[in-house]
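1. sharing a model that was predicted from the sequence below.
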Amino acid sequence: LGLTAEGQAILDHARDILDRVHALEEQTRAAKGEVVGSLVLGVIPTSAAYAGFLASRLNKTHPGLRIRIDTTNSLAIQQGVDAGDFDAGITYSEGVASDLLEALPLYDEDYWLMMPTEMAPAGTKSITWAEAAELPLILLDPEMQNRRIVDLNFAEAGAHPKVVSETNGFTAAVVMAVQGMGATVIPRVLMESLAHVESAVYLPLTEPRVAKSVSLVTPRRDSAIPVVEALKRSARALAALA
């Protein structure tokens, strides 16, 4: 039913108090010369591999920081960051509530088809969305933003995909593809981390060629928490290498 105006005011002040307490604790620790504590990062499934790279980079500069990565949908990430359940999130830039969250662009997500070697067309370096729709496909669940993007691309190509399985994460999809069950649409950042899998072929999807901006989102609040600032620095450094 939602909150009354008075209830929302109390909630906003409570969040601000908790933020200031958290910031004070972290700043006290940081005064000793090291950023320590915990960081909870909410990420969309397509950015899980990127989040792993980012966490590894952050660990090199701040080894005393414990990092937790939770995968969920884009709406839950925005709500979680605003509510304080997540310290930060990685999600699609489109639709970010700019009045509540700050967005730091990280990379553009484009899409590749991962398929068993025996399904790959011979002598080609790319595949169209219409051609991919003719293959048995393993896709994310319909409520995921990535799935909505994928479905929109198939529709734009005038294609009707043959979906044989759905999952809420890429691990199962990748395993099923490697086992020969079907092909799956994955982001380039995940493709680059899986390129050593010899039983699969990776082709960029074209017609249309799509790229979606992905950002690091953090609360738009006055209190700067050291662990979040450290994450932003690592994110900027990693984005500069892209």
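-> Sure thing, it's come through.
2. show me where this protein has its helices.
-> Using DSSP state H, the helices of the chain run over residues 5-30, 48-61, 74-83, 129-132, 145-156, 170-178, 188-194, 226-241.
3. quick check: angle from the third one to helix 145-156?
-> Okay, so that is helix 74-83. Per axes from the mean of the first three to the mean of the last three Cα atoms, to 10 degrees, the angle that helix 74-83 makes with helix 145-156 is 150 degrees.
4. would you mark the buried spots in helix 74-83?
-> Residues 74, 76-82 are the ones in helix 74-83 that count as buried (16 or more other Cβ atoms under 10 Å). Every residue, glycine included, has its C-beta placed from N, CA and C.
5. kindly report the same for stretch 110-118.
-> Under 16+ other Cβ under 10 Å, the buried positions of stretch 110-118 are 111-116.
6. next step: these restricted to strands.
-> 111-116 (DSSP state E).
7. and those residues as CSV, adding pLDDT?
-> Putting these into CSV (pLDDT from 0 to 100) gives the following:
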residue, pLDDT
Y111, 96
W112, 96
L113, 96
M114, 96
M115, 95
P116, 94
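8. quick check, nearest of those to I149?
-> Nearest to I149 among these is Y111, at 8.0 Å by Cβ to Cβ.
9. which residue packs closest to the closest one, ignoring adjacent ones?
-> Spatial nearest neighbour of Y111, chain neighbours left out: L205 (4.8 Å); criterion: Cβ to Cβ, 6 or more residues apart in numbering.
10. bridged to T167, which residues?
-> Counting by DSSP bridges, T167 forms beta bridges with L140.
11. for it, give me its contacts.
-> Counting by Cβ atoms under 8 Å, 6 or more residues apart in numbering, T167 makes contact with 138-141, 173.
12. quick one: the residue nearest to Y111 from P121, how far?
-> 13 Å (Cβ to Cβ, to the nearest Å).
13. with neighbour numbers in mind, choose between the two.
-> Each of L205 and P121 has its neighbours counted (other Cβ atoms under 10 Å); L205 has more, 22 against 12.
14. next, the contact list for the more buried one, please.
-> Residues near L205 by Cβ under 8 Å, 6+ apart: 110-113, 126-129, 132, 153, 185.
15. a markdown table please, covering those and showing distance to P63.
-> Listed next are the contacts of L205 as a markdown table, based on distance: Cβ to Cβ, whole Å:
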| residue | distance to P63 |
| --- | --- |
| D110 | 33 |
| Y111 | 35 |
| W112 | 33 |
| L113 | 38 |
| S126 | 42 |
| I127 | 42 |
| T128 | 46 |
| W129 | 44 |
| A132 | 42 |
| N153 | 41 |
| V185 | 36 |
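16. low-confidence stretches in the protein?
-> Low-confidence segments of the chain, defined by pLDDT under 70: 22-34, 222-223, 242.
17. what is the closest residue to A132 other than its chain neighbours paired to in the beta sheet?
-> Excluding its sequence neighbours, the residue lying closest to A132 (Cβ to Cβ, 6+ apart) is L113, at 5.1 Å. On the basis of DSSP bridges, L113 is bridged to V185, L203.
18. farthest-separated two in the buried residues of helix 74-83?
-> Spatially, the most separated pair among the buried residues of helix 74-83 is S74 and D82, at 13.0 Å (Cβ to Cβ).
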